[in-house]
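> how does the following fold in three dimensions:
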Amino acid sequence: MRDDRTKRQWSQGIDRFLLGRFPVTQSLYGQVMGQYPSGFTGERKPVESVSWSDAVAFCNALSKRHGLRECYIQGDGSWDLDPRGHGYRLPTEAEWQYACQTGTSALRYGELVDISW
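The predicted structure is shown next:
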């Protein structure tokens, strides 16, 4: 990983993970959560205008719907990751960076990337 602001670089090990191939559509979000919060409407468009808390609540609801153990525990005004959870969750920063770089060593995401999964 790299932080251009502090000129610092470090390695971050990540375990194997799965990542959805497509953004969550407004249709799926609406079916799971019963609401359509997006400003730019369209069933096949990605959901937007949701907070991080809304996103983790969606992950838990989708996990429950598929019979999976929820990944987040809601506390007093915060959410914690449940290490026993095996359902849907948001990627960590390191996982997101790895997925965006798709095996390249380029400094910027999307540079000369070949996605061949």
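
> all strands of this structure, in order?
Using DSSP state E, the strands of the chain run over 2-3, 8-9, 72-74, 79-81.

> who does the third one pair up with?
Right, strand 72-74. With DSSP bridges as the test, strand 72-74 is paired with strand 79-81 (antiparallel).

> what residues sit buried inside the strand it pairs with?
Applying a neighbour-count criterion of 16 or more other CB atoms under 10 Å, one finds residue 79 buried in strand 79-81. From N, CA and C alone the C-beta is placed, and that goes for glycine too.

> how about stretch 89-99?
Buried, per 16+ other CB under 10 Å, within stretch 89-99: 89, 91, 95, 98-99.

> surely residue 36 and residue 42 touch.
No: the pair residue 36 / residue 42 is not scored as a contact, 10.2 Å apart, by CB atoms under 8 Å.

> of the two, who's got more company?
A count of neighbours by other CB atoms under 10 Å puts residue 36 above the other of residue 36 and residue 42, at 13 against 10.
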